[in-house]
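**Q** Predicted structure and sequence below. I'll ask about it afterward.
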Amino acid sequence: MSSTRSYAAQSATTPLAPWTIKRRSPKPHDVEIEILYCGVCHSDLHFARNDWGMTVYPLVPGHEIVGRVTAVGDHVKKFKVGEIAGIGCLVDSCRECDNCKEGLEQYCSEGAVFSYNGQERDGSGNTYGGYSKSILAHEDFVLHISDKLPLEAVAPLLCAGITTYSPLRHWKVGKGQKVGILGLGGLGHMGVKLAVAMGAEVTMLSHSASKAADAKRLGAHKFVLTTDEAQAKSVTNYFDFILDTVSAAHDYNFYLGMLTTNGTMVCVGVPPPAPPIAAFNLIFGRKSLAGSLIGGLPETMKDINEAYERMLKGDVRYRFVIDMATL
Ligand SMILES: [Zn+2]
Ligand SMILES: [Zn+2]
């Protein structure tokens, strides 16, 4: 065991404060990382405040982790001390179910182990995330990261990046398609850039007029102010695909009306309970409403390599990233 400095929430009403956690010594397949940067995800906040009613305290958030390998277990083959590596939202899963075998560890039928607020499969307790000096995980859940990339900009790819990349890829977003990105925050800004890079015509949907300039700067072809009736009407039955990144309360029915025939809206934000969905809004136009949770390890690796090189160019404007030298 080793003591690691961290920032933890001790309850839903106390702010994050310094706390010392005990990390296990590396097991034969473990990779230990000294954390250099950790992105700040909206989920961190939701968990700290117990918004989803499932927080186990003390909570050490953080699942966009980039750092340097400081130790490896005897059986580790893929990593060496001194290399740059990352850990995203997952640190373990059963690795034997159909989902795991397909690289969809996030949907592990035995329950994936999340990087924080997860339960270790060996029964040793709660997992603690990246708002800390170090972390360790089985090598299968550690990602290679090139030391040539600006690491603070890579960190957000490990949750925000993969969360938007995975559904865009799964629903085959590309050239000739009209895509709406709902909400311009940590997820939305990635969604815009990725969808543009995939060749789609991209519209930013926002209720805040102040986001228009940023949407354009990120590459969006259009901006629709959803509170403006005429603008909202102009995209009735318009989109092939909507990526809904909003985690504040909103009415899905309103946005389903913007989908064209066979269109799909995918939720990646987690808002509080929404008004009921009228079945007619799906039936007329054979529309789909779907959800998507982060991404598996193979896809996350792809996200880092493709997304980074092609699209992101060090843009972290919509993400705060903690430099762990400050901890
Ligand atoms: Zn996240
Ligand atoms: Zn599994």
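**A** That came through fine. Residues are numbered from 1 along each chain as shown. Ligands and ions are numbered 1, 2, ... in the order given.

**Q** List the contacts of the closest residue to residue 248 other than its chain neighbours.
**A** Distances taken as C-beta to C-beta, 6 or more residues apart in numbering put residue 271 closest to residue 248, at 5.9 Å, once the chain neighbours are dropped. Where C-beta positions appear, they are placed from N, C-alpha and C, glycine not excepted. Counting by C-beta atoms under 8 Å, 6 or more residues apart in numbering, residue 271 makes contact with 246, 247, 248, 249, 250.

**Q** ok, and of these, which contact ligand 2?
**A** With C-beta under 5 Å from the ion as the criterion, those include none near ligand 2.

**Q** Whichever of the residues you listed end up buried, select them in ChimeraX.
**A** Burial among the contacts of residue 271 is assessed by 16 or more other C-beta atoms under 10 Å; the matching ChimeraX selection reads:
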select :246,247,250
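
**Q** could the contacts of residue 271 be laid out in TSV, adding pLDDT?
**A** Formatted as TSV, the contacts of residue 271 follow (pLDDT from 0 to 100):
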residue	pLDDT
246	94
247	89
248	90
249	92
250	95
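
**Q** from the contacts of residue 271, which is closest to ligand 2?
**A** Top of the list for closeness to ligand 2, among the contacts of residue 271 and by C-beta to the ion, is residue 247 at 26.8 Å.

**Q** so the residue nearest to residue 248, which of the three states?
**A** When classified by DSSP: H, G, I helix; E, B strand; the rest coil, residue 271 comes out as coil.

**Q** Kindly provide the distance from it to ligand 1.
**A** 15 Å (C-beta to the ion, to the nearest Å).

**Q** Over to that residue: give its phi and psi.
**A** Here is the backbone geometry of residue 271 (degrees, to the nearest 10): phi -80, psi 170.

**Q** Return the subset of the contacts of residue 271 lying in strands.
**A** Within the contacts of residue 271, no residue falls in strands by DSSP state E.

**Q** Format the contacts of residue 271 as JSON lines; extra columns: distance to residue 234.
**A** Formatted as JSON lines, the contacts of residue 271 follow (distance: C-beta to C-beta, whole Å):
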{"residue": "246", "distance to residue 234": "20"}
{"residue": "247", "distance to residue 234": "26"}
{"residue": "248", "distance to residue 234": "23"}
{"residue": "249", "distance to residue 234": "24"}
{"residue": "250", "distance to residue 234": "19"}
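
**Q** and this protein, which of its residues are near ligand 2?
**A** 93, 94, 97, 100, 108.

**Q** Is it correct that the second one is in contact with residue 107?
**A** No: with contact taken as C-beta atoms under 8 Å, residue 94 and residue 107 are classed as non-touching, separated by 11.1 Å.

**Q** Not counting sequence-adjacent ones, nearest residue to residue 293?
**A** Excluding the flanking residues, the one nearest residue 293 by C-beta to C-beta, 6+ apart is residue 106, at 5.1 Å.

**Q** Tell me which residue in the stretch 201-327 of the chain sits closest to ligand 1.
**A** Using C-beta to the ion, the closest approach of the stretch 201-327 of the chain to ligand 1 is made by residue 294 at 7.4 Å.

**Q** Quick check: that residue vs residue 17, distance?
**A** Between residue 294 and residue 17 the computed distance is 28 Å (C-beta to C-beta, to the nearest Å).

**Q** can you tell me the residue of the stretch 151-300 of the chain closest to ligand 1?
**A** Residue of the stretch 151-300 of the chain nearest ligand 1, by C-beta to the ion: residue 159 (3.2 Å).

**Q** Quick one: neighbours of that residue, just the number.
**A** The local packing of residue 159 (other C-beta atoms under 10 Å) involves 28 other residues.

**Q** do residue 257 as well
**A** The burial count for residue 257: 18, using other C-beta under 10 Å.

**Q** Same question for residue 162.
**A** So residue 162, with other C-beta under 10 Å, has 29 neighbours.

**Q** dump the residue contacts of the nearest residue to it once chain neighbours are set aside.
**A** Here the nearest residue to residue 162 in space, its sequence neighbours aside, is residue 295; by C-beta to C-beta, 6+ apart that works out to 3.9 Å. Listed by C-beta under 8 Å, 6+ apart, the contact set of residue 295 reads 106, 162, 163, 165, 166, 303.

**Q** Pretty sure the residue of the stretch 151-300 of the chain closest to ligand 1 sits against residue 39.
**A** Yes: under the criterion of C-beta under 8 Å, residue 159 makes contact with residue 39 at 6.7 Å.
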